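1. Give me a model of this one.
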Amino acid sequence: MLTATEIRRQFLDFFRSKGHEIVPSAPIVVKNDPTLLFTNAGMNQFKDYFLGNRTPDNARIADTQKCLRVSGKHNDLEEVGVDTYHHTMFEMLGNWSFGDYFKEEAIAWCWELLTDVYGIDKDKLYVTVFGGDEAENLPMDQEAYDFWKKHIAEDRILLGSKKDNFWEMGDTGPCGPCTEVHVDCRTAEEKAARPGRELVNADHPQVIEIWNNVFMQFNRLKDRTLAPLPARHVDTGMGFERLVRVLQGKQSNYDTDVFTGTIAVIEQLTGNTYGYSDSRPDIAFRVLADHIRAIGFTIADGQLPSNTGAGYVIRRILRRAVRYYYTYLGYKKPLLHQLMPTLAQQFRDVFPELHRQEDLVCRVVKEEEEAFLRTLEKGLRKIDDIITDTRNANTTEINGKAAFELYDTYGFPIDLTRLIGSEQGLSVDEPAFKAEMEQQKTRSRAATALDTGDWVILREGPASAFVGYNHTECAAAITKYRKVTAKGKEMCQIVLDTTPFYAESGGQVGDTGVLEFPNETIAVTDTKKEDGMIIHFTQALPENPEAPLHARIDTSRRMATAVHHSATHLLHAALRSVLGTHVAQKGSLVNDEYLRFDFSHFAKVTDEEVRRIETIVNAKIRENIPVVIKEMTKAEADALGAMALFSEKYGSTVRVVIMDPAYSVELCGGTHVGSTGQLGLFKITSEAATAAGVRRIEAVCGYAAEQYINSRLELIEAINNQLRGAKDPVKAIEKLQEERNQLEKHAEALEARQLVGVRNELLTKDEIINQISFVGQQVTVSSADALKKLCLDLKNHLNDHVIVLGANIDGKAYVAVGVDEKVTAARGLDAGKIIKEHIAPLIKGGGGGQKSLATAGGQDVGGIGAAIDRVRQLLG
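-> Here you go, the predicted model:
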């Protein structure tokens, strides 16, 4: 039986023998493409080739690509692990033709590899071709059908719908008919009972698609019409995990050696045994074996978990994995980070970036797990409260909004809430839950809504020629433009045939400047890359877009940005010198005002280390080292020891920036100064953590550093003036702090005596309402903290009590509520709920707290009396 490694190697060797160049996987995290967060198909990195914006070095390419999908057809995150053949992160084996071979060769090689090389029984295979679509006036793909007849019986060639057999990149862009290969993995008895052709594209777990050959012929326009592409292309994708399953004769992807090593480690760590079933514990095994791949490779490619964008997706995946091992495997401490070494070792020869960054990835994952385990404990307490509220409301259905809060805030999937509820004899209002979920999705879509028009093409030709390394202005012409509306605001995007404008990339911001036409000047507010094009953002179009123009960048802004970019390289080298060679760049921002540099390091950078780093960088600035920039092959750059980023995709030719070959050699496409002396002065302004094992330094250089130093000197002078010219300002401040501490202690003692007097007076006003001691008064105190202390003190002197204290503090209303635990148990009164539901609305504010003590603040001091009366009514 072939191993997964051998299967992958045979695929690449086969297409190498057919004249294909084997290229490495692009990072799973997408940059310079506003339409994608992650690589979700093998073709993503070749998108600009299909659009004609770039020309590949080789018209035939093959690879295995890391992909990530968490939405869309069959890719709902909550379903991964439940079935046996869908994943978050997966490998996509692919071969590509850019204007070279087309349908005949693609189909012939597909059949040869599957049946002759891999030896799949031809009687197990079915193929589908596009059957046409009358609504769009698209004919059947007769050409593909006829080519398939040379290899397979016609009764195994099935006509597919536009939904299944017409591939589209998105709402607009390259598209075309496709032909799929499906394999029937059922037993002989099952095949005899029902022919496989009836189960193709019917979501049968044993009759599955393994290869899709897309024939790119058209470009979908915004008005939904199709225009022919300048050249015809082949884009194929074969799911590696499914292929391995077929060749190893397994009934599930998770039973192959792609996953069994990870599953064995999970068994060892948790003491559970994988049972190959649909039980919750076995689903948990599959969830972990799948999710650890998505988590590990995205972090290794530079995407840290966060609360927004791609980082939020990774955090969701990680938290889902934690929920499953915590709930269904009974493992209550961090587990995922312990699986990372196994994964890194398994893929070290195909995707080595994880193995090289294993320590960093493990630390990030462990910290995320620890944080979420704390949240999960809170969620379990929250669901206990929800169950109590449900029973108190005399219903057996958990509120859908409450179930959504558990999902959104505490990471509880609806099936976990459903399970816990059923154990208590309760159901969940799932329509209401789904309505809340849809509202959230609608809000998210609205926040990121982008209405993009079709390109208006004025001149055909290749993408923009960038001349900005050597020129700050040039003659140009518009080749295409379009209008874009985002959040109700319309802007224009312009592509030039030649441009000096640097497009945002590698952490460096895009250039701004102007486009000068014969009768008008249009400001360029930003410059970005998309599909290999350099796009200039403007607020308006010229009156005559076909008129010649002069493109001119803001040179002072570009120079200040270049200063900070060159400083970033010096900083990177200094960090490795002072902290160690484990330091690697994890992100950066370079603009005209400052630089921000994220790097791997497992401890706070000490003040003494910061001083050493600054000293090294400033020494290199004073040396006035020439900044040498060369283009060379990637192999030559590697021989020079050039630093590269795991999160970047490099071509065969790279740009190398050298600031003393013995000090700093980096791959970089950004703009730089001519020599380090132009940086003037370097100063670190802050150092902090951004994630486990990742630190962030912000710094300024050149004129920005001069401004920073001057502002700090002005601050020192202002402080000294306040100290009336003290000879030793530090000692003077220490003396003031000591005096303030003494005064605060004296004030606290006076306040404590005052509060004792107020407490004693309040105890004389105790009312008994339905056997509950009630104290409800407006008092005079100096702070909200004093009000809370007074309430706590009263609780220690009363039994079976409810306390409501209000105060007008500096014109704002403050209320504290205390409820005895016995009263809570007997009457269901909850201080936090009383505050939220009854008091906060009356004082026009908000608040919260625990069942026994809660506080609120608001704008309406006139509502304090009504708030006290409202609680008195609750006891009546």
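2. For the protein, which residue occupies the most central location?
-> To find the centre residue of the chain, average its C-alpha atoms and take the closest one (CA atoms, centre = their mean): that gives residue 310, at 1.5 Å.
3. wait, what's in contact with the nearest residue to that residue once chain neighbours are set aside?
-> The shortest distance from residue 310 to any residue other than its chain neighbours is 4.2 Å, reached at residue 37 (CB to CB, 6 or more residues apart in numbering). Placement of C-beta: from N, CA and C, glycine included. Residues in contact with residue 37 (CB atoms under 8 Å, 6 or more residues apart in numbering) are 29, 30, 309, 310, 313.
4. likewise residue 357?
-> Counting by CB under 8 Å, 6+ apart, residue 357 touches 299, 300, 584, 600, 646.
5. State the distance from it to residue 384.
-> For residue 357, the distance to residue 384 under the criterion CB to CB, to the nearest Å works out to 40 Å.
6. Wasn't residue 813 part of a strand?
-> Yes: residue state for residue 813 (DSSP: H, G, I helix; E, B strand; the rest coil) corresponds to a strand.
7. Next up, the contacts around it.
-> Contact criterion CB under 8 Å, 6+ apart gives 806, 807, 843, 844, 845, 857, 858, 859, 860, 861, 863, 864 as the residues in contact with residue 813.
8. are any of these buried, and which?
-> Buried residues within the contacts of residue 813, counting neighbours by 16 or more other CB atoms under 10 Å: 806, 807, 843, 845, 857, 858, 861, 863, 864.
9. which ones among those residues are found in strands?
-> Cross-referencing those with the strands (criterion: DSSP state E) gives 806, 807, 845, 857, 858 as the overlap.
10. my guess is the residue nearest to the centre of the chain contacts residue 38, does it?
-> Yes: in terms of CB atoms under 8 Å, residue 310 counts as a neighbour of residue 38; the distance is 6.4 Å.
11. list the residues that contact both of the two?
-> Common neighbours of residue 310 and residue 38 (criterion: CB under 8 Å, 6+ apart): 29, 298.
12. quick one: low-confidence ranges for the stretch 301-450 of the chain?
-> Counting by pLDDT under 70, the stretch 301-450 of the chain contains low-confidence ranges at 444-450.
13. Could you pull out the helices in it for me?
-> 309-328, 336-346, 353-356, 358-392, 400-410, 414-423, 430-448 (DSSP state H, counting those that start in this stretch).
14. With distance to residue 51 as added columns, please give these in a markdown table.
-> Compiled in a markdown table, those are given as follows (distance: least, CB to CB, whole Å):
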| stretch | distance to residue 51 |
| --- | --- |
| helix 309-328 | 23 |
| helix 336-346 | 35 |
| helix 353-356 | 28 |
| helix 358-392 | 34 |
| helix 400-410 | 38 |
| helix 414-423 | 40 |
| helix 430-448 | 23 |
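15. if I look at the residue nearest to residue 435 when sequence neighbours are not counted, how far off is residue 416?
-> When the adjacent residues along the chain are set aside, residue 435 lies closest to residue 400, with 6.8 Å between them (CB to CB, 6+ apart). Computed as CB to CB, the residue 400 to residue 416 distance reads 15 Å.
16. between the two, which one's more packed in?
-> Comparing residue 400 with residue 416 by other CB atoms under 10 Å, the one with more neighbours is residue 416, at 23 against 19.
17. That one touches residue 327, doesn't it?
-> Yes: with contact defined as CB under 8 Å, residue 416 counts as touching residue 327 (6.1 Å).
18. how about the nearest residue to residue 471, chain neighbours excluded?
-> Once its chain neighbours are removed from consideration, residue 471 has its nearest residue in residue 500; the separation is 5.0 Å (CB to CB, 6+ apart).
19. neighbours around that neighbour, how many?
-> Residue 500 is flanked by 23 other residues according to other CB under 10 Å.
20. Now do residue 166 against residue 212, distance only.
-> Relative to residue 212, residue 166 is positioned 11 Å away (CB to CB).
21. Which residues are in contact with each of the two?
-> Between them, residue 166 and residue 212 share the neighbouring residues residue 178, with contact defined by CB under 8 Å, 6+ apart.
22. now the farthest one out in the protein, which residue is it?
-> Distance from the C-alpha centroid of the chain peaks at residue 764, with 59.3 Å (CA atoms, centre = their mean).
23. What pLDDT does the model give that one?
-> Per-residue pLDDT puts residue 764 at 88.
24. which phi and psi does it have?
-> According to degrees, to the nearest 10, the main-chain angles of residue 764 amount to phi -80, psi -10.
25. Quick one: the strands in the stretch 601-750 of the chain, in order.
-> Assignment of strands within the stretch 601-750 of the chain using DSSP state E, counting those that start in this stretch yields the ranges 628-633, 653-659, 664-667, 682-691, 694-701.
26. same check, this time on the stretch 451-600 of the chain
-> The residue ranges that make up the strands of the stretch 451-600 of the chain, judged by DSSP E, counting those that start in this stretch, are 456-457, 465-466, 473-476, 478-486, 489-496, 498-499, 513-516, 521-530, 533-538, 549-553, 585-590, 595-600.
27. Dump the ones you listed into TSV; add distance to residue 657 and mean pLDDT as well.
-> Output for the strands of the stretch 451-600 of the chain, formatted as TSV (distance: least, CB to CB, whole Å; pLDDT from 0 to 100):
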stretch	distance to residue 657	mean pLDDT
strand 456-457	35	90
strand 465-466	16	93
strand 473-476	23	96
strand 478-486	30	91
strand 489-496	26	93
strand 498-499	21	96
strand 513-516	23	97
strand 521-530	19	95
strand 533-538	20	94
strand 549-553	20	97
strand 585-590	13	92
strand 595-600	15	94
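28. So which of those strands is nearest residue 438?
-> With CB to CB as the criterion, residue 438 lies closest to strand 478-486 of the strands of the stretch 451-600 of the chain, at 22.5 Å.
29. List every C-alpha atom in the closest one, with coordinates, as CSV.
-> Backbone C-alpha positions of strand 478-486 (Å, rounded to 0.1, in the frame of the first residue of the first chain) are rendered in CSV as follows:
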residue,chain,number,x,y,z
ILE,A,478,-4.8,54.9,-18.1
THR,A,479,-5.3,51.3,-19.3
LYS,A,480,-8.4,50.5,-17.3
TYR,A,481,-10.6,51.9,-14.5
ARG,A,482,-13.6,51.0,-12.5
LYS,A,483,-15.9,52.5,-9.8
VAL,A,484,-16.1,51.0,-6.3
THR,A,485,-18.6,51.7,-3.6
ALA,A,486,-17.8,50.8,0.1
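30. ok now that strand, how far from the chain's centre?
-> Using CA atoms, centre = their mean, to the nearest Å, we find the averaged C-alpha position of strand 478-486 to lie 27 Å away from the chain's own average C-alpha position.
31. what about residue 438, how many neighbours?
-> Counted with other CB under 10 Å, residues neighbouring residue 438 total 10.
32. Quick check: the gap between it and residue 431.
-> In this structure, residue 438 and residue 431 are 10 Å apart, going by CB to CB.
33. how about residue 545, what does it touch?
-> Residue 545 makes contacts with 456, 458, 478, 481, as judged by CB under 8 Å, 6+ apart.
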